[in-house]
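> Provided below for reference: sequence and predicted model.
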Amino acid sequence: MSEAALSFENITCTFVSREDRSQRYTAMADTTLTVGAGEFVSVVGPTGCGKSTLLNVAAGLLRPTSGSVRVFGQPLDGINRRAGYMFQGEALLPWRSALSNVMAGLEFAGVAQDEAESRAQDWLRRVGLGNFGERYPHQMSGGMRKRAMLAQMLIRDPDIILMDEPFSALDIQTRQLMENEVLDIWMAKRRAVLFITHDLDEAIAMSDRVIVLSAGPGTHPIGEFAIDLPRPRDVAEVRMDPRFVELHGAIWDVLREEVLKGYARQKQG
Ligand SMILES: Nc1ncnc2c1ncn2[C@@H]1O[C@H](COP(=O)(O)OP(=O)(O)OP(=O)(O)O)[C@@H](O)[C@H]1O
């Protein structure tokens, strides 16, 4: 069996509590999960349960309190150099054009200017921004900025792709277009993807496997579902598939209670 691209082994993350500095809050407890090479895995869970914490651990930005992370079998120590990430917010440098933003990672890695520029131009074309390389972030729509961020991440050809609700700020049509684009690119490259979302439809439409997290504190996986829908998929059309509806029902059965618990916790403040 080939080695997992990413494996979390008994990960626990505790933080100093924001409410009472003398207390600790256990965000994630004893979490074990893997993402196979070439596998698209989504993690869903109620708001505030620890999804971003999990991604930060995978990126090497946050060291777990206990447990370990392996990247293609090697213990992760520091930043995960084999991963590219795309977070919820805006990550473009406002003083750089789209082209210049997309080539930034290559420049930092010491790639020659000419080559960086031609590869960036190619990636801009692949994400549908071929004619917009000169635009600055404030001259682009939210969807265009997300496309540029996608190109900025993919240009470095990471072996593992980490995405934290990357399209949550987009309108539904733009979002579905981008989800399909990500799937097309993923089908061509088959990198390992860990995709965080609170949107169950998005998770099912895109993934090979969906993992459900419990509400915090002490978040951990409570369900795992193989998504056996045929590929290639169109994220809008696949939702009509009777098997999609069936999977949605089964996963929602597990997720519902946790969403209610998470909501109640938030209301308590
Ligand atoms: N640096 C920190 N210090 C203290 N508490 C933290 C820290 N980071 C996260 N937490 C807490 O850990 C829990 C999990 O946070 P996290 O951001 O991972 O959740 P999430 O599932 O990504 O949330 P959302 O669905 O709102 O994006 C939350 O209760 C949060 O308040």
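Okay, I see it. Numbering: from 1, shown residues only.

> rest of the way, CA atoms for contacts and neighbours
Noted.

> give me the pLDDT value at S2.
S2 is assigned 66 on the pLDDT scale.

> oh, I was asking about T174
86.

> what's the answer for F108, then?
What the model reports for F108 is a pLDDT of 87.

> let the chain start at 103 from now.
Noted, 103 is the first residue going forward, which turns the last one into F210.

> next, count neighbours for it.
Counted with other Cα atoms under 10 Å, the burial measure for F210 works out to 8 neighbours.

> where's it relative to A218, distance?
From F210 over to A218 the distance is 10 Å, taken as Cα to Cα, to the nearest Å.

> how about the helices in the stretch 253-371 of the chain?
In order along the chain, the stretch 253-371 of the chain carries the following helices (DSSP state H, counting those that start in this stretch): 274-291, 302-308, 344-370.

> mind putting those into JSON lines with mean neighbour count?
What follows is the helices of the stretch 253-371 of the chain, written out as JSON lines (neighbours: other Cα atoms under 10 Å):
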{"stretch": "helix 274-291", "mean neighbour count": "16"}
{"stretch": "helix 302-308", "mean neighbour count": "22"}
{"stretch": "helix 344-370", "mean neighbour count": "15"}
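
> beta-bridge partners for the residue nearest in space to the middle of the chain, please?
What sits nearest the mean C-alpha location of the chain, by Cα atoms, centre = their mean, is M265, with 1.7 Å. For M265, the beta-bridge partners under DSSP bridges are M188, F297.

> where does the stretch 103-252 of the chain dip in pLDDT?
With pLDDT under 70 as the threshold, the stretch 103-252 of the chain has low-confidence stretches at 103-104.

> I'd like to know which residues of it are adjacent to the ligand.
On the criterion Cα under 6 Å from any ligand atom, the ligand has as its neighbours in the stretch 103-252 of the chain the residues 117-120, 129, 149-155.

> which one of those is nearest L302?
Using Cα to Cα, T149 is the member of these that sits closest to L302, with 12.6 Å.

> was I right to think V137 contacts R293?
No - in this structure, V137 sits apart from R293 without contact. The criterion is Cα atoms under 8 Å, and the distance is 10.3 Å.

> follow-up on the earlier one: are any of the residues of the stretch 103-252 of the chain next to the ligand buried, and which?
Burial of these was assessed by neighbour count (16 or more other Cα atoms under 10 Å); the buried members are 129, 149-155.

> now these in JSON lines, with secondary structure?
Below are these laid out as JSON lines (DSSP: H, G, I helix; E, B strand; the rest coil):
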{"residue": "A129", "secondary structure": "strand"}
{"residue": "T149", "secondary structure": "coil"}
{"residue": "G150", "secondary structure": "coil"}
{"residue": "C151", "secondary structure": "coil"}
{"residue": "G152", "secondary structure": "coil"}
{"residue": "K153", "secondary structure": "helix"}
{"residue": "S154", "secondary structure": "helix"}
{"residue": "T155", "secondary structure": "helix"}
